[in-house]
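**Student:** below is the sequence, then the predicted model.
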Amino acid sequence: MTTTAATAHDTPAAPLPRQIPYIIATEGCERFSFYGMRNILTPFLASTLLLYLPLGERALAAKDVFHTFVIGVYFFPLLGGWIADRLWGKYRTILWLSLVYVAGHACLALFDNHRTGFYTGLFLIALGSGGIKPLVSAFVGDQFDSSNKHRAKLVYDGFYWIINFGSFFASLLMPIFLRDLGPAIAFGIPGALMAIALLVFWLGRNRYVRVPPTPPNPHSLLRVARSALLARAPGQARPGLWIAILGIVAALFALAVIPQLGFVISACLALGALLVFGGIGTALQLERARGIHPDEAVDGVRGVLRVLVVFALTTPFWSLFDQKASTWVLQGAEMTRPAWFHEAQMQALNPLLVLILIPLNNTLLFPLLRRFGIEPTALRRMGAGIALAALAWVAAGMLQLVLDGGDAVSIAWQVLPYALLTLGEVLVSATGLEFAYSQAPPSMKGSIMSFWMLAVTFGNLWVLLADAGVRNNVVTGWIAATGFGETAFLMFFFAAFAALAALVFALYARRYPMQDFYRA
C-alpha cells in the first residue's frame, strides 16, 4: 500500500518534506552504531581476538578480517535492493533488516572472547547494515517529487553531514571505551544506538512516501540483456554472447581457485567477471533487443550500463578510503603520541573535517569556481575526489618512509593525509549518492544504489588481493629490491592506482550523458 504525504506546490520556495527529520535522525544514530564498532574493530582484533596468532601475523590478519567484513557490508546491498524493489518495498525492508542489525551488535557485545560468536555478529551486521544501506538514501529521494527536487541536494548534503556527525563522536569516544571499559561495553553502546535508530524510524511510519515494489517486469534489465545476447541478426555473428560466455568461464575459474585465494576473494572475482564481461557483451548487442522490448527499456539498460562504468572507476578510491580504518590505524600505532591518545581516535578527524567541508564547499568553493566559469558538476567533483585520494596516499607513503628509516614521527603528521582524503571523500561519496539516485530508472532505484555500494566491495577486494600478494615470496623479494618496505610500497602502489583511475574517469566523464529520473 502506498502512503501519501503532503505534496509541495510547484514553486522554488517549496518546503522540505516534513518526514525528512525522522530519516535524518535515524541515520545519525545508525551511523554512530556502525562507525562505533567499525573504528575499533582493527585494534580489537589485533590486541584481543587474534592473540592465538604469532605476533608478526596479527596486524595483517586483522586487516583481512576488517576488509572481509567491509566487503560483506557493501555486497549485501544487492540483496537488500532486490528485496525492496521486488518484494517488500523500501520501508519494510529497512525495518526488518534493522532488527537483524541490532541482533548482530548484541552478538559482538556478548561474544567478545568467542571467535565464532563474534564473527557471527559481524556477519549479521554486514547483512543488516548492507541490506539497508542503499535503501535509506533511496528512501530519502522517494520523499521528493519534481516540485521540490531542487531541495534534494541540500537534504543529501544534510544526510551526509549527520552521517559524519555520528561518526565523529563514535570515532572519538569508542576507542576510549574499548581501552577503559572493555570490549563488551564498547561494542554494546553502538548496539543501543542502533536500537534507538530503529525506534525513531518506526515512529515516522505514518508520514513517509512509500513507493511500492515493482511487479515482475518483462522488460527488466536482465531480460533486456538476455534478449540482446541471444538475439540473432541476419548475416552477423554474436560477439557479445561469446564475451558473456567468457565471463561465465572466468567466474567458474575464480571459484575453482577458492582453496588458494579463499572464498571471499574468489566469490568477488567471480561476480566481477560476470558483471564486466556480461556488461560488455550486452552493450555490443543491445540494439538487437529493439522490437523485442520497448525503446525506453532498451535505452534504460544502456543508461544503466553507462552508470556502472562510472561506479567501476570509483573502486580505486574506496580501496584507499577504507584503509584509513586499517592501514592508517596500524601506521598510527608506530608513531609517537600522548599516552592518553589512542591511534584509532585519529579517525575522528575524518568526520570532523566533513562537517566543516560540506558547508564550506557549498558556500565558498563551488560559488568561487562558478565565478571563474567552472561548473562543479557531479562527475567533475567525483573525478577530483579520486585524484585527491591519490595525493593523500602519497603523503601517507612519505610518512611511512620516515618511519621505516627509524626516525620518530608524531601522529599529528597524519592530519595532512586525512585532510586530503576527506576532501576527496566529500567530493566522491556525498556526490555519488545524489548521482546514483538521479541516474537510476524508476524501477531500479534500490538496485542501482546497490551497484553503487558494490563499488566499495571491489575497492576492498583490491586490498585483500594486495595483502595476499605480499604473502608471496616472489612478490616480497621484488618489493625488497625496490628499496621500499612493504607498507610504503603498497601505499605508493595504491596512490598510483587511484591516479590512473582519476585520469580515466575524467576522460569518460566528458562523454557521459546526464539523466534526470526524479518522480514526476
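**Tutor:** Received the coordinates, thanks. Residues are numbered from 1 along each chain as shown.
**Student:** shaky segments in the protein?
**Tutor:** In the predicted model of the chain, residues 1-14, 146, 148-153, 443-447, 449, 516-520 satisfy pLDDT under 70.
**Student:** and the helix or strand in which residue 505 is found, what does it pack onto?
**Tutor:** Using DSSP states H and E, residue 505 sits in helix 486-509. On a contact count with 3 or more CB pairs under 8 Å, 6 or more residues apart in numbering; DSSP states H and E, helix 486-509 meets helix 295-313, helix 315-321, helix 327-333, helix 378-404, helix 445-469, helix 473-482. In this view, the C-beta of every residue, glycine as well, is placed from N, C-alpha and C.
**Student:** ranking those helices by burial, who's on top?
**Tutor:** Greatest average neighbour count among those goes to helix 315-321 (a mean of 27), per mean count of other CB atoms under 10 Å.
**Student:** ok, residues contacting that one?
**Tutor:** For helix 315-321, the external contacting residues (CB atoms under 8 Å, 6 or more residues apart in numbering) are 385-386, 389-390, 392-393, 421, 424-425, 428-429, 455-456, 458-460, 462-463, 494-495, 497-498, 500-501.
**Student:** can you rerun that using 6 Å?
**Tutor:** Identification of contacts with helix 315-321 by CB atoms under 6 Å, 6 or more residues apart in numbering yields 386, 389, 393, 428, 455-456, 458-459, 462-463, 494, 497-498, 501.
**Student:** distance to residue 349 added to the residues you listed, as CSV?
**Tutor:** Converted to CSV, the contacts of helix 315-321 look like this (distance: CB to CB, whole Å):
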residue, distance to residue 349
386, 20
389, 15
393, 16
428, 18
455, 24
456, 21
458, 26
459, 21
462, 24
463, 21
494, 20
497, 24
498, 20
501, 25
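**Student:** out of those residues, which is nearest to residue 67?
**Tutor:** Using CB to CB, residue 463 comes nearest to residue 67 of the contacts of helix 315-321, at 4.9 Å.
**Student:** my read is that the closest one contacts residue 67, right?
**Tutor:** Yes: at 4.9 Å, residue 463 counts as touching residue 67 under the criterion of CB atoms under 6 Å.
**Student:** quick one: whichever helix or strand residue 269 is part of to helix 295-313, angle?
**Tutor:** Assigning secondary structure by DSSP H and E places residue 269 in helix 263-285. Per axes from the mean of the first three to the mean of the last three CA atoms, to 10 degrees, the angle that helix 263-285 makes with helix 295-313 is 140 degrees.
**Student:** determine the longest helix present in this structure.
**Tutor:** Ranked by residue count, the top helix of the chain under DSSP state H comes out as helix 152-181.
**Student:** next structured bit after it?
**Tutor:** Following helix 152-181 in sequence, per DSSP H and E, is helix 183-203.
**Student:** the helix holding residue 269 - contacts with which helices or strands?
**Tutor:** On a contact count with 3 or more CB pairs under 6 Å, 6 or more residues apart in numbering; DSSP states H and E, helix 263-285 meets helix 221-230, helix 239-256.
**Student:** picking up where we left off before, may I see the helices and strands packed on helix 486-509 organised as TSV, with distance to residue 228 added?
**Tutor:** Shown next, in TSV, are the helices and strands packed on helix 486-509 (distance: least, CB to CB, whole Å):
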stretch	distance to residue 228
helix 295-313	8
helix 315-321	25
helix 327-333	42
helix 378-404	26
helix 445-469	18
helix 473-482	40
